[in-house]
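Undergrad: Predicted coordinates and the sequence they were generated for:
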Amino acid sequence: MQKKQVSRYSRHIILEEIGEIGQKLLRESTVAVVGCGALGNVIANHLVRAGIGRLRIIDRDLVELDNLQRQILFDEQDVGSPKSLAAQKKLENVNSEVEIEGVVKDLNPNNAEKILGDVNLILDGTDNMETRYLVNDVCVKKNIPWVYGGAVSTYGMSMNIVPQDTACLVCAFPYLPRAGSLPTCDTVGVLNTVPSIIASIQTTEALKILMKKEYNKELIVYDVWNHDFKNIKLKRNSQCKCCTDRNFEYLSAKKSERTTVLCGRNSVQIIPALESDIDLQHLAARLKKVGNVKLSPVHLVFETKEAAINIFKDGRAIVKGTDNETQARTIYAKYIGN
């Protein structure tokens, strides 16, 4: 008597919440993960093991040694490799049935619709607020659901954004935060369990949406250290410039970050999307924890082994030691934010 072959997804299929129909819907879905850092690692891992049909992983960065503390798909041999390709290689060995595409690109207004426009759902694994507003524009315009997520220090948050049904990112956060106003993992740290928890919440909600199940419509905020879990109710803004007026400012590049290579100086100038005065003293206090800081009334000089940055009061910065605009943007987002 032949032994019955066990399905790879048998533990999903016997779940009342999923079943044969739900697993089939997952198999027929195409999902994009924007950013393959700590959140993106966990999200991509869960999706591939869950049996998603096609997965596109978009990331502009290379694996660094300090990523290994929390980015679970990578090991020491991956240091220096493009994150999206390293993740693709690992995950292809996990589930050969899933079509995985690693995209080594900087998502921007010129390519966002092309990269994201044909998927069924998008998950946020980025650490950059401007990129999130860009994703929001694409999703509202194309009627694509997406799951916002963020993790820093000992807490994180997640929110489902389903066009025409829930609040969009602009409804919840109408204005792009000023440069340097938000903490980043590189300036305040991140407990390595936080991204796994938040990404697992994101992925669970994504599976619900793909399987046409009831999903959460609140902003979830969780501090794992203090075990503080909050659900914040959000409503669509009837005057939202994005999902009501369909004014896609970030997609049309009206508010996009600008970068310029400074000729002969091996430096890149970055002008943030929102040009406004920043609190240099507050920023200096955060950056002193991870590098050398010199502060004047009009600008701040920050130096680490990785980079040297001149940051001006209006948010403008000059990243020294590189003429690569993508690398300069990565350094800026890493230490200044946005």
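TA: Perfect, I can see it now. Numbering: from 1, shown residues only.
Undergrad: for the stretch 1-150 of the chain, what spans make up the strands?
TA: Assigned by DSSP state E, counting those that start in this stretch, the stretch 1-150 of the chain shows strands spanning 30-34, 54-58, 99-103, 121-124, 146-152.
Undergrad: I'd like those strands as a markdown table, with distance to residue 321, mean pLDDT and mean neighbour count appended.
TA: C-betas here are computed from N, CA, C, even on glycine. Formatted as a markdown table, those follow (distance: least, C-beta to C-beta, whole Å; pLDDT from 0 to 100; neighbours: other C-beta atoms under 10 Å):
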| stretch | distance to residue 321 | mean pLDDT | mean neighbour count |
| --- | --- | --- | --- |
| strand 30-34 | 27 | 98 | 26 |
| strand 54-58 | 26 | 98 | 25 |
| strand 99-103 | 27 | 96 | 18 |
| strand 121-124 | 30 | 98 | 26 |
| strand 146-152 | 26 | 95 | 26 |
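Undergrad: any chance of these in a markdown table, with distance to residue 191 too?
TA: Shown next, in a markdown table, are the strands of the stretch 1-150 of the chain (distance: least, C-beta to C-beta, whole Å):
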| stretch | distance to residue 191 |
| --- | --- |
| strand 30-34 | 22 |
| strand 54-58 | 24 |
| strand 99-103 | 27 |
| strand 121-124 | 19 |
| strand 146-152 | 9 |
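Undergrad: quick one: residue 50 and residue 206 touch, right?
TA: No - assessed by C-beta atoms under 8 Å, residue 50 is found out of contact with residue 206, at 9.3 Å.
Undergrad: Residue 40: what's its closest spatial neighbour, skipping adjacent residues?
TA: residue 125 (2.8 Å; C-beta to C-beta, 6 or more residues apart in numbering).
Undergrad: Next: residue 206.
TA: Of all residues not flanking residue 206 in the chain, residue 147 sits nearest, at 5.2 Å (C-beta to C-beta, 6+ apart).
Undergrad: picking up where we left off before, between residue 50 and residue 206, which is the more surrounded one?
TA: The residue with more neighbours, out of residue 50 and residue 206, is residue 206; 28 against 21, by other C-beta atoms under 10 Å.
Undergrad: Now do the same contact list for the more buried one.
TA: Contacts for residue 206 (C-beta atoms under 8 Å, 6 or more residues apart in numbering) come out as 31, 43, 47, 121, 123, 147.
Undergrad: what helix or strand does it sit in?
TA: According to DSSP states H and E, residue 206 maps onto helix 193-210.
Undergrad: go on, residue 301?
TA: Counting by DSSP H and E, the element that carries residue 301 is strand 299-303.
Undergrad: Would you mind pulling up the elements that that strand packs against?
TA: For strand 299-303, the packing partners by 3 or more C-beta pairs under 8 Å, 6 or more residues apart in numbering; DSSP states H and E come out as helix 280-287, strand 292-295, strand 308-312.
Undergrad: Tell me which of these is the most buried.
TA: Scoring the helices and strands packed on strand 299-303 by mean neighbour count under mean count of other C-beta atoms under 10 Å gives strand 308-312 as the most buried, with a mean of 21.
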